[in-house]
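J.: any chance you can model this:
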Amino acid sequence: MKLTPPTDPDRQPDLFQSSIMRIEPEWIDYNGHLNMAYYNVLFDQAIDRFWVELGLGPDYMEARNGSTFTAECHVRYLREIHLDDPVRVSILLVAADEKRLHTFEELRHATEGWLSATSENMTLHVDMAARKVAPFPPDIRARVQAVADAHKLAMRPEGIGRRIAMPSQPR
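T.: The predicted model follows:
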């Protein structure tokens with residue numbers, strides 16, 4: 001993961017990319033595609049790797065007694081994934097402050113590139129001793145901010161900030 005913003009204005013910053021993951025047989029439902037719960041498993045595996053890059057992984061929890069909790073999640077299912085499909089998740093750090101991380105994740109077919117699903121999340125930093133939301137330590141906050149600043153230069157994918165609502169009915 002590169003933390004340096006691109007110098008070429010036409011070049012997008014590098015977003016975090018997970019390793020390629022494969023769909024497991026037990027994740028396929030009776031409709032013959034990936035069950036909705038396992039999209040979250042894939043997103044969660046990718047975000048755990050991203051947290052390690054930011055210094056918020058298991059070592060952080062053990063050494064500094066801090067962790068992250070998801071406060072809100074909005075998943076959109078756009079195209080079916082099937083058994084053995086190779087997939088990869090990219091993660092955009094949309095925004096961050098002293099206690100929160102706003103991420104937008106895209107699950108894509110790893111070889112064909114098409115978009116299968118997105119997940120937009122609000123994550124909270126938690127002091128595990130108090131089990132309460134708490135500010136990031138200064139070194140972690142600086143690292144998070146460096147990534148957030150670099151990601152500000154990325155194009156915003158369609159779907160950020162969408163809400164769930166019934167379509168408007170003509171009167």
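
J.: all helices of this protein, in order?
T.: Secondary structure of the chain by DSSP state H: the helices cover 36-54, 58-64, 138-151.

J.: and of the ones you listed, who's closest to residue 161?
T.: Each of the helices of the chain was checked against residue 161 via C-beta to C-beta, and the shortest separation belongs to helix 138-151, namely 15.4 Å. All C-beta atoms are positioned from the backbone trio N, CA, C, and that covers glycine.

J.: before we move on, back to that, redo the helices of the chain as TSV? Include mean pLDDT and mean neighbour count.
T.: Below are the helices of the chain laid out as TSV (pLDDT from 0 to 100; neighbours: other C-beta atoms under 10 Å):
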stretch	mean pLDDT	mean neighbour count
helix 36-54	97	18
helix 58-64	97	12
helix 138-151	96	16
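
J.: columns distance to residue 84 on top of those, output as CSV?
T.: As requested, the helices of the chain are arranged in CSV below (distance: least, C-beta to C-beta, whole Å):
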stretch, distance to residue 84
helix 36-54, 14
helix 58-64, 29
helix 138-151, 32
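
J.: residue 101: which of those helices is closest?
T.: Set against residue 101 and scored by C-beta to C-beta, the helices of the chain come closest in helix 138-151, at 6.8 Å.

J.: tell me, how many residues neighbour residue 16?
T.: Using other C-beta atoms under 10 Å, residue 16 has 21 neighbouring residues.

J.: my read: it touches residue 90, true?
T.: Yes - counting by C-beta atoms under 8 Å, residue 16 does reach residue 90; the two are 6.7 Å apart.
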